[in-house]
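Student: Turn this into a structure:
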Amino acid sequence: MRLCFKQIIVLVFMVLGISLCHTGAMAQEAHGADVIPLHAIVVGHDTIPVITLAIFDVVEKMPKALRKERERWSRLRNAVYVTYPYARSAAKVLKDVNSSMVNMNKRERKAFLATKEKELKAQFGDKLENLSVYQGKVLMKLIDRETGQNCFEIIKELKGGFNARVWQTVAFFFGGNLKSEYDKQEDKDIEVIVQELEMYQHYRAYN
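Tutor: Numbering: from 1, shown residues only. Next comes the predicted model:
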């Protein structure tokens, strides 16, 4: 005669109960290093071990809006961490270039800039080419933050207005804008991440 599902469940629990009773009896008889002391309660003629589990929270799945915000923040944070060192380097290079060209004539400036451009391409070219469009946009804002000039102004000052307009057109086709400026209010999330990064770097340098 075939057992129905409920009868099978009852049978399983009966077998399980017998096994627990048998294990409990063996545990009570065990001695030595293999004995593990447990809290227990007595139910009828049975001694049942009791284990207190750690407290944990049961939460619902994160709302879609919150997931999107977390993704946006993570993307921005990653972009700032990747590009901020380049912005700092750009500020240092620009300061050095401007101070070096103070007493140069037009021809000397042109030769100096060509040499400097070649050096920078060798040092940063491959790394900057691997940046995503989004990271490039963040970098332009950070360069303005560090230098006080947007990328269009820097190119115009060093390479002339024509070159600046050409590169602005190229940037436009890739969804960028060389005239992007850093605004502490508008870009407050970037500022928070920069402060976090600077504090982390200061901590590492101090330690």
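Student: averaged over its residues, what pLDDT does stretch 148-163 have?
Tutor: Taken as a whole, stretch 148-163 has an average pLDDT of 79.
Student: no, scratch that, I was asking about stretch 100-113
Tutor: Mean predicted lDDT for stretch 100-113 stands at 82.
Student: Tell me the buried residues in that stretch?
Tutor: For stretch 100-113, burial by neighbour count (16 or more other C-beta atoms under 10 Å) applies to residue 113. Any C-beta I mention is one placed from the backbone N, CA and C, and that applies to glycine too.
Student: Scan this structure for its longest helix.
Tutor: Counting by DSSP state H, the longest helix found in the chain is helix 64-100.
Student: so what secondary structure elements neighbour the next helix or strand after that one?
Tutor: Toward the C-terminus, helix 64-100 is succeeded by helix 106-129 as the next helix or strand (DSSP states H and E). Identification of packing neighbours for helix 106-129 by 3 or more C-beta pairs under 8 Å, 6 or more residues apart in numbering; DSSP states H and E yields helix 64-100.
Student: Just checking the distance from the helix it packs on to the centre of its chain.
Tutor: Relative to its chain's centre, helix 64-100 lies at 12 Å (C-alpha atoms, centre = their mean, to the nearest Å).
Student: what's near enough to touch the closest residue to residue 109 other than its chain neighbours?
Tutor: Spatial nearest neighbour of residue 109, excluding adjacent residues (C-beta to C-beta, 6 or more residues apart in numbering): residue 101 at 5.2 Å. By C-beta atoms under 8 Å, 6 or more residues apart in numbering, the residues touching residue 101 are 108-109, 112-113.
Student: got it, and residue 113?
Tutor: Residue 113 neighbours (C-beta under 8 Å, 6+ apart): 97, 101, 158-159.
Student: Could you identify the most distant pair in these?
Tutor: 101 and 159 (12.7 Å; C-beta to C-beta).
Student: picking that back up, give the buried residues for the longest helix of the chain.
Tutor: 76-77, 79-80, 82-84, 86-88, 90-91, 93-94, 97.
Student: Out of the residues you listed, flag the one nearest to residue 197.
Tutor: Of those, the one sitting nearest to residue 197 (C-beta to C-beta) turns out to be residue 84, at 5.8 Å.
Student: just for this structure, where's the confidence low?
Tutor: Applying pLDDT under 70 to the chain flags residues 1-36, 38, 163, 167, 170-175, 202-207.
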